[in-house]
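**Student:** Just the structure for this:
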Amino acid sequence: MAPINTIERGIMDGQFQVGVIPAHRNSASLEYNELFGETMLLYCGRRHPLFEAKKEQLTWASLAGYRFAGLGYHSPNMEISQRVRLARKATGFDQESIATFILSGEFLGFLPDHYAKSFEADGLMQAVKPSQFRYECSFLSVIRQSPGPQRVTQVFHDCLLQAHGKKREQGM
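**Tutor:** Have a look, this model is predicted:
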């Protein structure tokens, strides 16, 4: 696990052969292929004021009064939280740290719905108005375009795409 720019830079300089990152701005020197998507929902912990509150009237603007835990690197998470003006008061660098902030009851934060499922089942967190406070995130494989990847890397990459039911989309 590393920030998107670290993974891309590592692929460009040959430190990494294949990466998997959330979709964002593409670099012309890399090849991107879609693998899968995740639904990201806004969550609060059991001790958060919104856990028991009525949520029908909530808007993005009304969330500005609550503390938000967000990812500390350029990502779809950072983009949406800045666009809707969530008050980031805690920074994490992976889903586990964001979940920990949410579980404290002090912060709101976005998590993949499948990741939060067990916390929800245990009554430890809940999605906050999931029909509205959500976004979709696509994950892409990344390899170097030039010089092209070694044969073993290309075969691995093709297997990765096949495992996700995808085909190579050159030029993406």
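**Student:** Leu17 against Ile11, yeah?
**Tutor:** In this structure residue 17 is Gln, not Leu. Yes: using C-beta atoms under 8 Å, Gln17 is in contact with Ile11, at 7.2 Å. From N, CA and C alone the C-beta is placed, and that goes for glycine too.
**Student:** any residues in contact with both of these two?
**Tutor:** Ile143, Arg144 (C-beta atoms under 8 Å, 6 or more residues apart in numbering).
**Student:** Neighbour count: those two, which is higher?
**Tutor:** Taking neighbours as other C-beta atoms under 10 Å, Gln17 and Ile11 compare with Ile11 leading, 24 against 17.
**Student:** which residues of this protein fall in strands?
**Tutor:** 19-22, 30-45, 67-71, 87-92, 108-112, 125-127, 134-144 (DSSP state E).
**Student:** Please identify which of the ones you listed is closest to Ser81.
**Tutor:** Nearest to Ser81 among the strands of the chain is strand 67-71; the distance by C-beta to C-beta comes to 4.7 Å.
**Student:** Quick one: residues in contact with the closest one.
**Tutor:** Under C-beta under 8 Å, 6+ apart, the answer for strand 67-71 is 77-78, 81, 86-93, 97-98, 101-102, 106-110.
**Student:** between that strand and strand 108-112, what angle do the directions make?
**Tutor:** Interaxial angle, strand 67-71 versus strand 108-112 (axes from the mean of the first three to the mean of the last three C-alpha atoms, to 10 degrees): 40 degrees.
**Student:** now strand 67-71, how far from the chain's geometric center?
**Tutor:** On the basis of C-alpha atoms, centre = their mean, to the nearest Å, strand 67-71 sits 13 Å off its chain's mean C-alpha point.
**Student:** what mean pLDDT does that strand have?
**Tutor:** Mean pLDDT, computed over strand 67-71, is 93.
**Student:** Repeat that for stretch 39-48.
**Tutor:** Stretch 39-48 shows a mean pLDDT of 97.
**Student:** repeat for stretch 144-155
**Tutor:** So the average pLDDT for stretch 144-155 ends up being 91.
**Student:** Show me what counts as buried in it.
**Tutor:** Arg144, Gln145, Pro149, Thr153 (16 or more other C-beta atoms under 10 Å).
**Student:** Next: stretch 132-142.
**Tutor:** Neighbour-count burial for stretch 132-142 flags Phe133, Arg134, Tyr135, Cys137, Leu140, Ser141, Val142 (criterion: 16+ other C-beta under 10 Å).
**Student:** now do stretch 73-84
**Tutor:** Ser75, Pro76, Asn77, Met78, Ile80, Ser81, Val84.
**Student:** Closest one to Val128 out of those residues, please.
**Tutor:** The shortest approach to Val128 among the buried residues of stretch 73-84 belongs to Val84, at 12.8 Å (C-beta to C-beta).
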